[in-house]
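Trainee: Need coordinates for the below:
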Amino acid sequence: MDDDAGMPAAESAPARLAPPPSSLRRPALFLDLDGVLAPIAPSPDAVIPDARRTRVLRDLADRLDGRVAIISGRTVGEVDRIADAAVRSAAGVHGLERRRADGTLDHAVPSPQVRIAVQAFNAFARDRPGILVEDKGLAAGLHYRAAPDQAEAAGRLARDLAAQTGLTLQPGKMVLELKTPGTDKGSALQAFMAEPPFVGAVPVMLGDDLTDEFGFAAAEALGGFGVLVGSPRVTAARFGLDDVEAVLTWLETVEVS
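Mentor: Numbers count the residues shown, from 1 in each chain. Here you go, the predicted structure:
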């Protein structure tokens, strides 16, 4: 299965990326959630709020005058649940939902084809233990983390449905999403950067998944950079951090001017 379908072009990366700078001048931080701020869990519902994460995010929002946003494949409601509503600016479902710093919410019109994808995914999961279907309204997710032997079959189904429905296929870590077309994490980052309090800041995108490559590329194009979290791979990110623990430690200790 070609998990790079639809991903932006990425530059070659060394075996291990250097950690990001310990001091930043007027940054705007854009943070993925799963795999970056929270460990990957067996199921989406298994990720819960964490006191340290909440404290780190609230401190960052104060230190950066609100220039912090979470950009996730989850819905904004799920972002708030897991992040304990610590961050005002948030983009969900790869930018199809976007809440500005002033609290106003942009919400795309769901493609009616999403219902077809949800039904097909549910039929696929019915006799395959471990397969989980996630209905986000704007997108349908097919999780196979607990059934890795179904990866090829899941990929064939998702590609066929994308061709039939016109939905955007968004591969991730052990998940395939079919989403309403129109946005990605890069376009969400660009939209935030055009608004207060992000205007004129230096964008820094932290992500772990293929979907975050859009954000890395957008940050680079706007004079900032990306930070890949997790195992090294070919990526558009310039820097790297090992895991969620390393991310939280960096966010706690980075000096901001």
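
Trainee: Please make it C-alpha for all contacts and neighbour counts, starting now.
Mentor: OK.

Trainee: Contacts only, for the nearest residue to residue 251 once chain neighbours are set aside.
Mentor: Leaving aside its sequence neighbours, residue 251 sits nearest to residue 56 (CA to CA, 6 or more residues apart in numbering; 7.0 Å). Residues counted as contacts of residue 56 (CA atoms under 8 Å, 6 or more residues apart in numbering) are 248, 251, 252.

Trainee: Is residue 56 in a helix, a strand, or coil?
Mentor: Assigned by DSSP: H, G, I helix; E, B strand; the rest coil, the conformation of residue 56 is helix.

Trainee: Which pLDDT value belongs to it?
Mentor: Reading off the confidence values, residue 56 has pLDDT 98.

Trainee: For it, give its distance to residue 200.
Mentor: Per CA to CA, to the nearest Å, residue 56 is found 24 Å from residue 200.

Trainee: cool, and residue 190?
Mentor: Between residue 190 and residue 200 the distance is 12 Å, computed by CA to CA.

Trainee: Show me the shaky parts of the stretch 1-150 of the chain.
Mentor: Along the stretch 1-150 of the chain, segments meeting pLDDT under 70 span 1-15.

Trainee: Do a quick rundown of the helices in it.
Mentor: Along the stretch 1-150 of the chain, counting by DSSP state H, counting those that start in this stretch, helices occupy 51-63, 76-83, 113-126.

Trainee: Mind putting these into CSV with distance to residue 238?
Mentor: Formatted as CSV, those follow (distance: least, CA to CA, whole Å):
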stretch, distance to residue 238
helix 51-63, 22
helix 76-83, 26
helix 113-126, 35
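
Trainee: okay, residue 190 and residue 200: which has more neighbours?
Mentor: The neighbour count for residue 190 versus residue 200, taken as other CA atoms under 10 Å, is higher for residue 190 (17 against 14).

Trainee: Show the contacting residues for the more buried one.
Mentor: residue 218.

Trainee: which secondary structure element contains it?
Mentor: Here residue 190, judged by DSSP states H and E, is contained in helix 185-193.

Trainee: For the residue nearest in space to the middle of the chain, list the residues it contacts.
Mentor: Nearest residue to the geometric centre of the chain (CA atoms, centre = their mean): residue 72, 3.4 Å. By CA under 8 Å, 6+ apart, the contact list for residue 72 reads 31, 32, 33, 34, 79, 90, 91, 92, 93, 94, 95, 185.

Trainee: what bridges to the first one?
Mentor: On the basis of DSSP bridges, residue 31 takes part in beta bridges with residue 70, residue 206.

Trainee: What is the neighbour count of it?
Mentor: 23.

Trainee: Surely it touches residue 60?
Mentor: No: applying CA atoms under 8 Å as the test, residue 31 and residue 60 come out as separate, 11.6 Å apart.

Trainee: which residues do those two both contact?
Mentor: residue 68.

Trainee: From residue 75, how far out is residue 97?
Mentor: Taking CA to CA, one finds residue 97 at 7 Å from residue 75.

Trainee: Quick check: neighbours shared by these two?
Mentor: residue 91.

Trainee: how many other residues sit next to residue 236?
Mentor: Neighbour tally, residue 236, other CA under 10 Å: 25.

Trainee: Hmm, I typed the wrong one, I wanted residue 206.
Mentor: Neighbours of residue 206 (other CA under 10 Å): 31.

Trainee: going forward, begin numbering at 43 instead of 1
Mentor: In the new numbering, first residue 43, that becomes residue 248.

Trainee: quick one: it and residue 72 touch, right?
Mentor: Yes: taking CA under 8 Å as the definition, residue 248 is a contact partner of residue 72 at 6.3 Å.

Trainee: Which stretches in the stretch 43-192 of the chain count as strands?
Mentor: 65-66, 69-73, 110-113, 131-134, 139-141, 147-149, 174-177, 181-185 (DSSP state E, counting those that start in this stretch).
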